[in-house]
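Visitor: Next comes the sequence, and after it the predicted model I'd like to discuss.
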Amino acid sequence: MKYKVGQKVRIKSLDWYNLHKRPLTEAVELINSPNFIKEMSCFCNKVMTIVAIKENVYLMEEDDSRFDWTDDMIYGVEETKQEFFEKVVMP
């Protein structure tokens, strides 16, 4: 698992979803992972907060832990303004 509880992460874009979804199921089938389904697409390109990790999936605050999210569905960690400031201004 790449990320930790409490981190804010950005979900992959709607373009990514549309490019990878299967026409009949409208799901992105990921190897050894839960599918990224159409109902999850409303969170595309949004920042979400990891509230728990269970059995190799992340649960997110913003969807009330309704969906299982994996590393493959996430672009990366979103820096806070303070983290960005400390990295750029105060090396």
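Guide: That came in fine, so what should we check first?
Visitor: Can you report how many residues lie near the spatially closest residue to K87 that is not a sequence neighbour?
Guide: Leaving aside its chain neighbours, K87 sits nearest to E79 (7.4 Å; criterion: C-beta to C-beta, 6 or more residues apart in numbering). Using the backbone N, CA and C atoms, a C-beta is placed for each residue, glycine as well. If you count neighbours by other C-beta atoms under 10 Å, E79 ends up with 13.
Visitor: which residues touch M1?
Guide: With contacts taken as C-beta atoms under 8 Å, 6 or more residues apart in numbering, M1 has the following neighbours: 53, 56, 58, 71.
Visitor: Check for me that the first one belongs to a strand.
Guide: In other words, I53. Yes: secondary structure assignment places I53 in a strand (DSSP: H, G, I helix; E, B strand; the rest coil).
Visitor: Okay, strands next: where are they in this structure?
Guide: 8-11, 47-54, 57-60, 74-77 (DSSP state E).
Visitor: can you list those strands in JSON lines and add distance to N32, mean pLDDT and mean neighbour count?
Guide: Output for those, formatted as JSON lines (distance: least, C-beta to C-beta, whole Å; pLDDT from 0 to 100; neighbours: other C-beta atoms under 10 Å):
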{"stretch": "strand 8-11", "distance to N32": "19", "mean pLDDT": "97", "mean neighbour count": "20"}
{"stretch": "strand 47-54", "distance to N32": "16", "mean pLDDT": "97", "mean neighbour count": "15"}
{"stretch": "strand 57-60", "distance to N32": "11", "mean pLDDT": "98", "mean neighbour count": "21"}
{"stretch": "strand 74-77", "distance to N32": "16", "mean pLDDT": "95", "mean neighbour count": "15"}
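Visitor: which of the contacts of M1 lies closest to K21?
Guide: Closest approach between these and K21, by C-beta to C-beta: D71, at 18.5 Å.
Visitor: In contact with K46: list those residues for me.
Guide: When contacts are counted by C-beta under 8 Å, 6+ apart, K46 is found next to 10-11, 62.
Visitor: in the chain, which ranges drop under the pLDDT threshold?
Guide: When the per-residue scores of the chain are filtered using pLDDT under 70, the ranges that remain are 80-86, 90-91.
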